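>>> Structure for the following, please:
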Amino acid sequence: MSWQVNAMTPLSPDAIEALFTRSDDQYLFARWGRPIVPVVFGVTEETVTVLKGAIEALCVLTGHKMAETDPELGANLMVFFVQDWAELTETPNLDRLIPDLGPLVTRLQQAGANQYRIFRFDEEGAIKACFSFVRVDDHLASVPADTLALNQMTQAILLWSDRAFGDTSPLAVADGVAILRPDIADVMRAAYDPVLPAMARDASHALRLAARVGRVQ
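From the prediction side, this is the model:
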């Protein structure tokens, strides 16, 4: 799979607002409020390295930080790869981390989903943890590991709308290699501007993002 984009075209304020407007038409933005500590389950050590490399690259892009451990959770970005959703119910102690794990697995099976993310937030509304679940179906099995890693980490670095990338990918292709779309990269850099709040529910926040994206151009 490949995507081509016009790298010179910044996103409009309306397009940025849509990235954080959920299916219930409510605007909700959140970024990480603490250093990211990733851990990956269900893949080879080589793929783990690729995934951690992707989140490290995004932290460099946004100016955010990684750490060796989270004082509250140990690891706060947990990525689980499975062949079948039922494997989640067999994972030791996962039901302690994910309330109603059984019903969630049933919903994922019924929907035929191949990925799902759960975010947790601190008192200020910033992201403090993300649980990312990936079922490696025939489609995902055909995606190169570096492409899959960048896509997954991009969707974990911010609380995007649940419909943000339903029709278009956050990735593009340059010289046959998957890269982060430049317009999405600009939004991510702007999102981590320390002047902006870590969480916002007012759509006017998108105008502030757009103003900072303009400075990046």
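>>> so after the longest helix seen in the chain, what's the next helix or strand?
Using DSSP state H, we find that the single longest helix of the chain is helix 45-62. As assigned by DSSP states H and E, the chain's next helix or strand after helix 45-62 is strand 77-82.
>>> Please work out the average pLDDT along the strand ranked longest in the chain.
Ordering each strand of the chain by length in residues (DSSP state E) puts strand 127-135 first. Averaged across strand 127-135, the pLDDT comes to 96.
>>> do stretch 91-106 as well
Stretch 91-106 comes out with an average pLDDT of 91.
>>> Could you do stretch 77-84 as well?
If you average the pLDDT over stretch 77-84, you get 95.
>>> How about it, which residues are buried there?
The neighbour-count check on stretch 77-84 (16 or more other C-beta atoms under 10 Å) flags 77-82 as buried. Quick note: C-beta positions are derived from backbone N, CA and C, even for glycine.
>>> Closest one of those residues to Val213?
Of all the buried residues of stretch 77-84, Val213 sits closest to Leu77, with 25.1 Å by C-beta to C-beta.
>>> Check what contacts stretch 119-127 and list those residues.
Residues from elsewhere that reach stretch 119-127 (C-beta atoms under 8 Å, 6 or more residues apart in numbering): 30-34, 128-131, 158-159, 198-199.
>>> Pull up the distance across that stretch, start to finish.
Start and end residues of stretch 119-127 are separated by 7 Å (C-alpha to C-alpha, to the nearest Å).
>>> before we move on, the earlier item: make CSV out of the buried residues of stretch 77-84 and add distance to Ser142.
Output for those, formatted as CSV (distance: C-beta to C-beta, whole Å):
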residue, distance to Ser142
Leu77, 25
Met78, 25
Val79, 19
Phe80, 20
Phe81, 15
Val82, 17
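>>> Can you report how many residues lie near Gly33?
Using other C-beta atoms under 10 Å, the number of residues around Gly33 comes to 16.
>>> Can you give me the buried ones in the helix or strand Ala172 falls within?
Ala172 is part of strand 171-174 when elements are defined by DSSP H and E. Of all the residues in strand 171-174, those buried under the rule 16+ other C-beta under 10 Å are 171-173.
>>> What is that strand packed up against?
Contact here means 3 or more C-beta pairs under 8 Å, 6 or more residues apart in numbering; DSSP states H and E; on that basis strand 171-174 packs against helix 145-157, strand 177-180.
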